[in-house]
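> Need coordinates for the below:
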Amino acid sequence: MTRRAHRLARGVAVSVGVHEQEGSQPHPSGPTVAEVGALAEFGTESQPPRPWLRGALEREAEIRTDLRRASEAGLRGHDELAALRQVGERLADDVRDRMAGLEPLDPDTVEAKGDATILEQTRTLRDSIRARARRLVGTVR
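Numbers count the residues shown, from 1 in each chain. Take a look at the predicted model:
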């Protein structure tokens, strides 16, 4: 469950979210971490969507500016991949912060759960969010 922010012309890409290695791990509630993330992101019949990943990427104009600057760093001879990693880490922090600011739970849900935390009870999903920057296969610097 990742979201590719942008692919740059110089053959690098960044993705932010729960990647395969972390996502395939079991979540304390039973399903995998990726399954818990998808259920929260898109909702179920009994649970409304809580877009922790898509919602954090709403600042598209700012993200595009950051990605353009990373690409320009590469054109000036700097390490474009390192600059892209920094953008990815900022996006991952935004996703984690977004989780803390989701719409409050329904009072009946709070009563049934015993607390009002959203996606924070075990912090497993939150702690699994990563940024990955990589060179695309078959590209050269």
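> Please make it C-alpha for all contacts and neighbour counts, starting now.
OK.
> Next up, phi/psi of the nearest residue to Gly55 once chain neighbours are set aside, please.
The spatial neighbour of Gly55 that comes closest, neighbours along the chain excluded (Cα to Cα, 6 or more residues apart in numbering), is Arg98 at 7.3 Å. Its backbone dihedrals place Arg98 at phi -60, psi -40, with angles given as degrees, to the nearest 10.
> and Arg98, what is it in contact with?
Residues in contact with Arg98, defined by Cα atoms under 8 Å, 6 or more residues apart in numbering, are 52-53, 55-56.
> Return the member of those residues nearest to Leu91.
Compare each of the contacts of Arg98 with Leu91 using Cα to Cα and the shortest gap goes to Ala56, at 7.7 Å.
> For the most centrally placed residue in the chain, give the beta-bridge partners.
The central residue of the chain, meaning the one whose C-alpha is nearest the mean C-alpha position (Cα atoms, centre = their mean), is Gly17 at 3.0 Å. Partner residues in beta bridges with Gly17, using DSSP bridges, are Thr2, Arg130.
> Okay, it and Ala100: tell me how far apart.
Here the distance between Gly17 and Ala100 works out to 16 Å (Cα to Cα, to the nearest Å).
> which among the contacts of Arg98 end up buried?
The neighbour-count test (16 or more other Cα atoms under 10 Å) marks 52-53, 56 as buried among the contacts of Arg98.
> where do the helices sit along this structure?
Assigned by DSSP state H, the helices in the chain fall at 20-23, 33-42, 60-75, 80-100, 107-113, 124-127.
> Averaged pLDDT, the fifth one. What do you get?
For helix 107-113, mean pLDDT rounds to 78.
> What of the fourth one?
Mean per-residue pLDDT for helix 80-100: 86.
> Would you mark the buried spots in that helix?
Result for helix 80-100 [16+ other Cα under 10 Å]: buried residues 80-81, 83-96, 98-99.
> tell me which of the contacts of Arg98 is nearest to Ala70?
Using Cα to Cα, Ala56 is the member of the contacts of Arg98 that lies nearest Ala70, at 19.7 Å.
> Can you give me the distance of the spatially closest residue to that closest one that is not a sequence neighbour to Gly88?
Residue nearest to Ala56 in three dimensions, not counting chain neighbours: Val95, with 5.1 Å by Cα to Cα, 6+ apart. Distance, Val95 to Gly88, using Cα to Cα: 10 Å.
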